[in-house]
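Colleague: Predicted model, plus sequence, below.
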Protein chains: 2
Amino acid sequence: MWKPISFNTREFLLKLRFLESLNAYQIDLTNFINLWQQQISEEDLIQTCKKVNPLIYAKPKVLSRHIMSLLDTENDNVVKNMEEKDNQIVLNLHMMLDRVCFKYQFILELQPAECLYKEFTFPMVLMISELQKQKEIMSELLARKDLEITQYKLEGAKLIRKLVQTKPFDQDTFNRNCLESISETKAVLEQNPSKIFSKSFANLYQQVITASNKSKTNTDENSNIESEMENTVQILLEENRTSSKKKSMQVENFPIKDSKISEVKTEIPELPNIIPKKKKKCQVVLNL
Amino acid sequence: MWKPISFNTREFLLKLRFLESLNAYQIDLTNFINLWQQQISEEDLIQTCKKVNPLIYAKPKVLSRHIMSLLDTENDNVVKNMEEKDNQIVLNLHMMLDRVCFKYQFILELQPAECLYKEFTFPMVLMISELQKQKEIMSELLARKDLEITQYKLEGAKLIRKLVQTKPFDQDTFNRNCLESISETKAVLEQNPSKIFSKSFANLYQQVITASNKSKTNTDENSNIESEMENTVQILLEENRTSSKKKSMQVENFPIKDSKISEVKTEIPELPNIIPKKKKKCQVVLNL
């Protein structure tokens, strides 16, 4: 799922996925105008990481998970830098593991406009449609509640506790009142449009994307996996954040095997309890 | 305002504006992926029209209005064709006025991604934000209605007309129920995303855009004019449609001044009552 993120004070939305059929990670980054993407196989990710971090030791899966988690972690120890070139965004990430600098570089390529539509605009259109439908049904429900309240009054009931009395709902007045603050909202979103990803919006987005993929046949493997991943990740998100806090503390006590820094191999601790063992399809920790 | 439109069975959104400060028309066309645009001064529009339609006579303002109205008219007599070239969309429009073919060609240039964001994506983000806010307030209102109904019950009131009784509103159950049909909605929108522009959505969009521009200072002349135009056009829309039906009937009775077709000058009738005379800022008929 898209998640607001900032690099060098610039605001973006980031989406991380593991494509099981390709055994690869996909990183999408958008500023609502362009979309940059990198697809990298788990093998390449690990090999590159080992090359630039010869002193770091970890099991392959732990290593790949650790690298990906750096992208959207809120851990202040992770330093993130971004460079925008012609058709690329280069994300440089580094953090200190004990006294060793752990680093990784992602290179995301600018994608054609169709890709932005598929990954970002179309899901937003679906969200608009869903929100619009929900608004219409809620408006009908409010009218029915008003009818029930009116009926109580018609049948002679009188409220003693006047405090809970409501005014009849009127859609036009409601719209007008809501719109009074729209220019402030506009000013906020002009500065940073990713602010629409509030908690309740993100929850609904998650539900919409999952539900809209559900009816697909099993032959559409990727989407189903992604949908399942997104479901699971939602649950894991908080757990992962807690564990990343613990991890950064554990790092302080990393054993240094040798006094010569060139020979030190820093071990990345495995993130405990993050992957439910029975959920075979969700093999990777992603802060979606 | 954006309006769904199809050319050669392809679906687009079209936006027509008159930029008073430039005395020019701006035509925006998007398929949600790219945005094509043409800005043409009223003078150039009229000159080009006279060149390709030497037999047609009309007052300049009437002529320019007539050309623009062809773009989004639902009049079946207007034949629309679209050609997509590398960075252009060419719209060929023609209709028979009496026995004379009236034609015009718009050439829209592909715009950079920032332009799509400004003209289309950002207003959609604003809509999402507004719909999300409205949904949250309506959810609170429903809870308050339920509280009032519960209070009636607690105070001993019993409904005789059970038919109007409602169930307490539960947001999670509501979301779940709404999402049951999301895969069908997705299938429809995948075919034609401009279907989100339902009547109620278009109304809200209109209100959001107008309200979000209201707080601007008067120095931002263009936006205010556009906002005022859009307000007025909303009212004129139905009137214009009615009059365009009348017009197409009137066309049948056009006087042919001479039997030699080469000398015929077909006069485009002025669209009556379309522009309120007192509203100086709204000088042009646009079916927005």
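Modeller: Everything's here; your move.
Colleague: contacts, neighbours, all on C-alpha from now
Modeller: Noted.
Colleague: Helix or strand for A:Ser6, just tell me which one.
Modeller: strand A:3-7 (DSSP states H and E).
Colleague: Just the CA atoms of that strand, as PDB, please.
Modeller: The C-alpha trace of strand A:3-7 is given here as PDB (Å, rounded to 0.1, in the frame of the first residue of the first chain):
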ATOM      1  CA  LYS A   3       2.700   5.300   2.400                       C
ATOM      2  CA  PRO A   4       3.600   8.900   2.700                       C
ATOM      3  CA  ILE A   5       7.400   9.400   3.000                       C
ATOM      4  CA  SER A   6       9.800  12.300   2.800                       C
ATOM      5  CA  PHE A   7      13.300  12.400   1.300                       C
END
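Colleague: can I see the domain layout of chain A?
Modeller: A:2-111, A:115-217 (the TED database).
Colleague: and the first one, how far apart are its ends?
Modeller: Just to be clear, that refers to domain A:2-111. End-to-end distance for domain A:2-111: 17 Å, by C-alpha to C-alpha, to the nearest Å.
Colleague: Centre of the chain to that domain, how far?
Modeller: Distance of domain A:2-111 from its chain centroid, counting by C-alpha atoms, centre = their mean, to the nearest Å, is 14 Å.
Colleague: Turn the domains of chain A into CSV, including distance to chain B and mean pLDDT.
Modeller: Shown next, in CSV, are those (distance: least, C-alpha to the nearest C-alpha, whole Å; pLDDT from 0 to 100):
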stretch, distance to chain B, mean pLDDT
domain A:2-111, 6, 92
domain A:115-217, 4, 91
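Colleague: Can you add mean neighbour count and give these back as CSV?
Modeller: As requested, the domains of chain A are exported to CSV (neighbours: other C-alpha atoms under 10 Å in any protein chain shown):
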stretch, mean neighbour count
domain A:2-111, 17
domain A:115-217, 17
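Colleague: now for those, which one comes closest to B:Ala211?
Modeller: domain A:115-217 (6.4 Å; C-alpha to C-alpha).
Colleague: for the closest one, the distance to its chain's centre please.
Modeller: 22 Å.
Colleague: Relative to the strand holding A:Ser6, what are the paired strands and their orientations?
Modeller: strand A:10-19 (antiparallel) (DSSP bridges).
Colleague: Pull up the pairing partners for the next helix or strand after the partner strand, direction included.
Modeller: Sequence order places strand A:24-30 as the next helix or strand after strand A:10-19, per DSSP H and E. Counting by DSSP bridges, the strands paired with strand A:24-30 are strand A:10-19 (antiparallel), strand A:35-41 (antiparallel).
Colleague: Let me see the ranges of the helices in chain A.
Modeller: Here chain A has its helices, by DSSP state H, at A:42-52, A:60-72, A:113-116, A:122-154, A:171-179, A:182-191, A:199-214, A:221-251.
Colleague: residues contacting the nearest residue to A:Glu114 once chain neighbours are set aside?
Modeller: Leaving out its chain neighbours, the residue that sits closest to A:Glu114 by C-alpha to C-alpha, 6 or more residues apart in numbering or on different chains is B:Ile33, at 5.8 Å. Contact analysis of B:Ile33 by C-alpha atoms under 8 Å, 6 or more residues apart in numbering or on different chains lists A:113-114, A:116-117.
Colleague: on that earlier part again, output the domains of chain A as JSON lines; include the columns distance to B:Val164.
Modeller: Formatted as JSON lines, the domains of chain A follow (distance: least, C-alpha to C-alpha, whole Å):
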{"stretch": "domain A:2-111", "distance to B:Val164": "42"}
{"stretch": "domain A:115-217", "distance to B:Val164": "5"}
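Colleague: Report the contact partners of the closest residue to A:Asn53 other than its chain neighbours.
Modeller: Nearest residue to A:Asn53 in three dimensions, chain neighbours excluded: A:Phe102, at 6.2 Å (C-alpha to C-alpha, 6+ apart). Contacts for A:Phe102 (C-alpha under 8 Å, 6+ apart) come out as A:53, A:56, A:94-96.
Colleague: In JSON lines, list those residues along with distance to A:Met68.
Modeller: What follows is these, written out as JSON lines (distance: C-alpha to C-alpha, whole Å):
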{"residue": "A:Asn53", "distance to A:Met68": "15"}
{"residue": "A:Ile56", "distance to A:Met68": "16"}
{"residue": "A:His94", "distance to A:Met68": "12"}
{"residue": "A:Met95", "distance to A:Met68": "13"}
{"residue": "A:Met96", "distance to A:Met68": "16"}
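Colleague: Specify which member of those residues is nearest to B:Leu14.
Modeller: For the contacts of A:Phe102, the nearest to B:Leu14 is A:His94 (46.8 Å; C-alpha to C-alpha).
Colleague: Name the residues linked to that closest one by a beta bridge.
Modeller: Going by DSSP bridges, A:His94 forms beta bridges with A:Val79, A:Lys103.
Colleague: This completes my enquiry, with thanks.
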